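1. My questions concern the predicted model and sequence given below.
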Amino acid sequence: MEDAVTAITKYLVIKKLAGDTLTILAIKEYLIDGLSPSTIGYKYKISKFRVRGYIQRIIDKARSHVAATAIVKAVLPYVLGVDPIILRVGNTYICLLCDAHLKSENVEHHIRRKHRDIVNSIVEQIVLKVRRHSQV
Ligand SMILES: [Zn+2]
């Protein structure tokens with residue numbers, strides 16, 4: 001089984017590759033800035049239940065709120081530096097690596113299935129850097 005740092009980094013990296021910076025910011029604003037799910041939901045025009053869902057997934061991987069916060073804080077700068085591989089054109093999402101045209105609900109699945117090696121290599125590099133510079 002993956003450790004919490006790897007699992008959370010992978011979750012965030014896939015969102016960033018998909019171009020979904022909004023979810024990453026929502027997670028950061030809840031765990032690090034201490035904003036409420038309803039404030040975050042209002043800001044990004046998504047439901048507070050969706051915000052809670054994202055956060056719950058992160059906390060489940062870390063098994064505690066404190067650990068989740070420490071991990072997100074440590075990996076966030078590196079995750080934000082990852083360039084998306086998905087370009088949105090209207091309602092279509094185009095994969096810049098293989099030119100697949102996708103619907104929004106299939107984007108993350110596509111990245112996980114077709115570009116697993118790239119995901120794993122990015123995650124590995126981030127986890128190595130984080131382990132060298134912090135306690136997580
Ligand atoms: Zn692709």
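-> Yes, it's here.
2. The ion contacts on this protein?
-> 95, 97-98, 100, 114 (C-beta under 5 Å from the ion). All C-beta spots, glycine's among them, are computed from the backbone N, C-alpha and C.
3. from those, which would you call buried?
-> residue 95 (16 or more other C-beta atoms under 10 Å).
4. Let's see which of the residues of the chain next to the ion end up in strands.
-> Members of the residues of the chain next to the ion lying in strands (criterion: DSSP state E): residue 95.
5. Restricted to helices, list the residues of the chain next to the ion.
-> Applying DSSP state H to those, the entries found in helices are residue 114.
6. Rebuild the residues of the chain next to the ion as CSV, extending it with pLDDT.
-> Output for the residues of the chain next to the ion, formatted as CSV (pLDDT from 0 to 100):
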residue, pLDDT
95, 98
97, 97
98, 98
100, 97
114, 98
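7. which regions of this protein lie under the pLDDT threshold?
-> For the chain, the stretches with pLDDT under 70 are 1, 135.
8. contacting residues around the helix or strand hosting residue 130?
-> Using DSSP states H and E, residue 130 sits in helix 116-133. For helix 116-133, contacts defined as C-beta atoms under 8 Å, 6 or more residues apart in numbering pick out 5-6, 9-10, 13-14, 17, 74-75, 78-79, 82, 85, 97, 111-112, 136.
9. Filter the residues you listed down to the buried ones and hand me the PyMOL line.
-> Filtering the contacts of helix 116-133 down to the buried ones (16+ other C-beta under 10 Å) takes a single PyMOL command:
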select buried, resi 5+6+9+10+13+14+17+74+75+78+79+82+85+111+136
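10. Skipping adjacent residues, who's closest to residue 106 in space?
-> Ranked by C-beta to C-beta, 6 or more residues apart in numbering and with sequence neighbours excluded, the top spatial neighbour of residue 106 is residue 93, at 8.0 Å.
11. After whichever strand or helix holds the one you found, heading C-terminal, what element do we hit next?
-> Secondary structure from DSSP H and E places residue 93 in strand 92-95. Moving toward the C-terminus from strand 92-95, the next helix or strand (DSSP H and E) is strand 101-102.
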